[in-house]
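Engineer: from the sequence below, what's the structure:
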Amino acid sequence: MNMDHVAKAGLVLLGCGKMGSAMLEGWLKNGLPASSVWVNDPFPSDWLKASGVHLNADLPSAPAIVLIAVKPQMMADALPTLAAMGNGGTLFVSVAAGVSIPTYEDILGTQTPIIRAMPNTPAAVGQGITAIIGNSQTDPAHLDLAQSLLEAVGDVVRLEAEDQMDAVTGVSGSGPAYVFHMIEALAAAGEAQGLAPGLAMQLAKATVAGAGALAMQADDTPSQLRVNVTSPNGTTQAGLAVLMDAENGLPALMAATVKAATDRSKELANG
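Structural biologist: Reported below is the predicted structural model:
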């Protein structure tokens, strides 16, 4: 199964909010014909209406792939209509948070190839990272296809077991919010030291974005990059002495943060 097959047999996208729109925009830019795409969304954006895809139309009976991007609470309404496509050649890929592969197998049938994916919100600007795991009915070609589709919005990693998805949720799924709060806190700290609010926020945003870009592009590890910036007895070392404190600093706080999000992901998955 490859993109030529997708173009011929069709791709169905259920839900086209920010995540779905970002993916669809990437596919169209990469050459997937709009005429090969069917989108079901109750509140289509003006961009979606003008995109040339089949919008809220009758679906093909055996599309190459169905990508599920509806909010979890809308899942019950969306999936029964697709059950007829289960146990066949159609690959289902879900980016809906918290819905497990066994849940999909109950609805679609145990012979259905299903891939669960966990993207994150930077996908909206092509800077996401998505973790994927397939059920026993998926083969390497299915995973390759899902990866190529999801790479339209960022990097893709493959998991070894579905139970790793809770930790992925705690790290990269929820992680952008942790970074947004770090920007808030860094800006507020700058204000407390006498900077104007707008200037403090500009400095905080650019610092976090720039450090992230450097971490991605540099050959050095983040640990080495930190050392590179830290002069002996200098300003950075003074700040890091507080931030890196084993008991009261960032390491313990981040461990507790990721554990709380991971535990909540497990609770939601278990209903």
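Engineer: just give the closest residue to the spatially most central residue of the chain, not the sequence neighbours.
Structural biologist: The centroid of the chain falls nearest to residue 119 when counting by C-alpha atoms, centre = their mean (1.2 Å). Counting by C-beta to C-beta, 6 or more residues apart in numbering, the nearest residue to residue 119 once its immediate chain neighbours are dropped is residue 130, at 4.1 Å. No exception for glycine: its C-beta is placed from N, CA and C like everyone else's.
Engineer: state the distance from the most far-flung residue of the chain relative to its centre to residue 241.
Structural biologist: Distance from the C-alpha centroid of the chain, by C-alpha atoms, centre = their mean, peaks at residue 233 (40.1 Å). The spacing between residue 233 and residue 241, counted by C-beta to C-beta, to the nearest Å, is 10 Å.
Engineer: where in this protein is pLDDT low?
Structural biologist: For the chain, the stretches with pLDDT under 70 are 1, 271.
Engineer: identify the residues contacting the strand ranked longest in it?
Structural biologist: When the chain is scanned for its longest strand (criterion: DSSP state E), the result is strand 128-134. Contacts to strand 128-134, defined as C-beta atoms under 8 Å, 6 or more residues apart in numbering, come from residues 22, 93, 95, 101, 113-123, 142-143, 146-147, 150, 153-162, 164-165, 168, 172.
Engineer: which among the residues you listed end up buried?
Structural biologist: The neighbour count (16 or more other C-beta atoms under 10 Å) marks 22, 93, 95, 101, 113-123, 142-143, 146-147, 150, 153-154, 156, 159, 165, 168, 172 as buried among the contacts of strand 128-134.
Engineer: sorry, back to before: how many residues are close by the residue nearest to residue 119?
Structural biologist: 25 (other C-beta atoms under 10 Å).
Engineer: distance check, it against residue 37.
Structural biologist: For residue 130 relative to residue 37 (C-beta to C-beta), the value is 19 Å.
Engineer: any idea which element residue 233 lies in?
Structural biologist: In the assignment (DSSP states H and E), residue 233 maps to no helix and no strand.
Engineer: what's the answer for residue 201, then?
Structural biologist: Judged by DSSP H and E, residue 201 forms part of helix 197-217.
Engineer: counting by contacts, list what the next helix or strand after that helix packs against.
Structural biologist: Later in the chain than helix 197-217, the nearest helix or strand by DSSP H and E is helix 222-229. The contact analysis (3 or more C-beta pairs under 8 Å, 6 or more residues apart in numbering; DSSP states H and E) places helix 222-229 against helix 197-217.
Engineer: so which residues of the protein form helices?
Structural biologist: Ranges of helices in the chain, per DSSP state H, are 3-9, 18-29, 46-49, 75-78, 101-108, 140-150, 165-168, 175-192, 197-217, 222-229, 235-243, 250-269.
Engineer: so which of those helices is nearest residue 86?
Structural biologist: helix 101-108 (3.4 Å; C-beta to C-beta).
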